[in-house]
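> I'd like to go over a predicted model; first the sequence, then the structure.
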Amino acid sequence: MKPNFALTLSFDGIGLLHRSEGGWLTVGEVPLNDPDLAGALLGLVDKAHALDGTGITTKLVIPNQQIRYITFESDSRDIDILEAQVRSTLNGATPYHVSELAYDW
């Protein structure tokens, strides 16, 4: 299933894009410092419903600056050993505890 909307995150705000035949079109953007952030985001939802009455399916676009790519070597094929090595590699690699991270390998 292809999502009909994309939610974009940046250090400045939250944006909503709508999929069209010609590509992604901007529905709107809300700055993070908006005094009525919740209301402004609800406004984006209302616009989305007006654009597409079939419902809202969305993908999340995370800024590349918020994604950390780390490489390490392992000879193991055991999933438990690999996960332990991944967690060990992540430990201290960010200011967050490993339990607070979403990661994939």
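All right, it came through fine. Numbers count the residues shown, from 1 in each chain.
> Isn't residue 89 up against residue 69?
No: the pair residue 89 and residue 69 fails to qualify as a contact (C-beta atoms under 8 Å) at a distance of 11.7 Å. The C-beta positions use only the backbone N, C-alpha and C, and glycine is treated the same way.
> Who has more neighbours out of these two?
For residue 89 against residue 69, the residue with the higher neighbour count under other C-beta atoms under 10 Å is residue 89, and the figures read 16 against 5.
> What ranges in this structure fall below the confidence cut-off?
The chain contains no residues with pLDDT under 70.
> so which helix or strand takes in residue 14?
In this structure, residue 14 sits in strand 13-20 according to DSSP states H and E.
> just so I have it, where are all the strands in the chain?
In the chain, the strands defined using DSSP state E lie at 5-9, 13-20, 23-31, 58-61.
> Output the ones you listed as CSV; include the columns mean neighbour count and distance to residue 52.
Formatted as CSV, these follow (neighbours: other C-beta atoms under 10 Å; distance: least, C-beta to C-beta, whole Å):
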stretch, mean neighbour count, distance to residue 52
strand 5-9, 17, 8
strand 13-20, 18, 7
strand 23-31, 14, 10
strand 58-61, 13, 11
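> Of all those strands, which one comes closest to residue 77?
In terms of C-beta to C-beta, the element of those nearest to residue 77 is strand 58-61, at 31.3 Å.
> what's next to the closest one, contact-wise?
Residues outside strand 58-61 that contact it (C-beta atoms under 8 Å, 6 or more residues apart in numbering) are 3, 4, 5, 6, 7, 8, 9.
> what sits up against the strand holding residue 14?
Identification of contacts with strand 13-20 by C-beta under 8 Å, 6+ apart yields 2-8, 24-32, 34, 41, 44, 47-48, 51-52.
> Give me the sheet partners of that strand and which way each runs.
Sheet pairing for strand 13-20, assigned by DSSP bridges, gives strand 5-9 (antiparallel), strand 23-31 (antiparallel).
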